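J.: sequence and computational prediction follow.
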Amino acid sequence: MRILHISDIHGASAAFRKVLKKEKFDVLAVTGDFEGLADVKPLESVSKPVMTVHGNFYESIEVLEALQPWDINGRWIDIGGWRFVGVGYGEPVMFEPAKQLIFVTHEPPFGAGDLSWIGPVGNQNFRKIIQKHRPQFWLCGHIHEGRGIFNVGKTVVVNAGSIAEKSYAVIDTEANKAIMKRLL
Ligand SMILES: [Zn+2]
């Protein structure tokens, strides 16, 4: 399965559309920071499964309502033998473990993809969940400058960075690998 992972739209809906057109994927995961309805709109034309979680930046009630068809905050969905667990910004983690697990969160776990200018600012609870449940992948954003691919034990943590800075990621679950990409 090929997952297209986009994060932190911040008004860059044109770049968002470009990536959707350019990349081939089976599933789209968007990990938050939709700044307005224009940032949500590109999701409507995606014919593949889409999942989103909310971020923390200017997300109005209207935006949260518009995200409803795809929002997986506080729940999980199973696709192609993989369980995707959604956690929006500042929300509790709720799931039942599975053999093949992928977390879709706004915040990065502590110590991976979380390095901001004041130091590591990731979520401590997420780190504990990684140590306990050893998911194969953890997809996140939030700390734009922390983007990249990180290993915590056997878990591959992907901070896609901000699409407003032309950064995104593609995950190949069969090959157990992720790559960072840049929109030209
Ligand atoms: Zn952001």
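T.: It's in. These numbers were taken from a predicted model, which means no experiment stands behind them. Residues are numbered from 1 along each chain as shown.
J.: who in the protein is up against the ion?
T.: For the chain, the contact set with the ion under Cβ under 5 Å from the ion comprises Asp8, Asp33. For every residue, glycine as well, the C-beta is placed using N, CA and C.
J.: show me the strands in the chain, by range?
T.: 2-6, 27-30, 50-52, 76-79, 82-87, 101-105, 115-116, 119-120, 137-140, 148-152, 155-159, 167-172, 177-182 (DSSP state E).
J.: can you redo the ones you listed as a markdown table with mean neighbour count?
T.: Listed next are those as a markdown table, based on neighbours: other Cβ atoms under 10 Å:
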| stretch | mean neighbour count |
| --- | --- |
| strand 2-6 | 24 |
| strand 27-30 | 26 |
| strand 50-52 | 23 |
| strand 76-79 | 15 |
| strand 82-87 | 24 |
| strand 101-105 | 26 |
| strand 115-116 | 16 |
| strand 119-120 | 11 |
| strand 137-140 | 28 |
| strand 148-152 | 16 |
| strand 155-159 | 26 |
| strand 167-172 | 21 |
| strand 177-182 | 14 |
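J.: in TSV: the ones you listed, plus distance to Arg127.
T.: Converted to TSV, those look like this (distance: least, Cβ to Cβ, whole Å):
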stretch	distance to Arg127
strand 2-6	20
strand 27-30	20
strand 50-52	22
strand 76-79	20
strand 82-87	13
strand 101-105	12
strand 115-116	14
strand 119-120	10
strand 137-140	10
strand 148-152	7
strand 155-159	10
strand 167-172	20
strand 177-182	19
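J.: could you export those as TSV, including mean pLDDT?
T.: Formatted as TSV, the strands of the chain follow (pLDDT from 0 to 100):
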stretch	mean pLDDT
strand 2-6	98
strand 27-30	98
strand 50-52	98
strand 76-79	98
strand 82-87	98
strand 101-105	98
strand 115-116	96
strand 119-120	96
strand 137-140	98
strand 148-152	98
strand 155-159	98
strand 167-172	98
strand 177-182	98
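J.: ok, which of those strands comes nearest Pro69?
T.: Pro69 lies closest, by Cβ to Cβ, to one member of the strands of the chain: strand 50-52, at 7.9 Å.
J.: and the contacts of the closest one?
T.: 27-32, 34, 43, 67, 69-72, 77, 84, 86, 104 (Cβ atoms under 8 Å, 6 or more residues apart in numbering).
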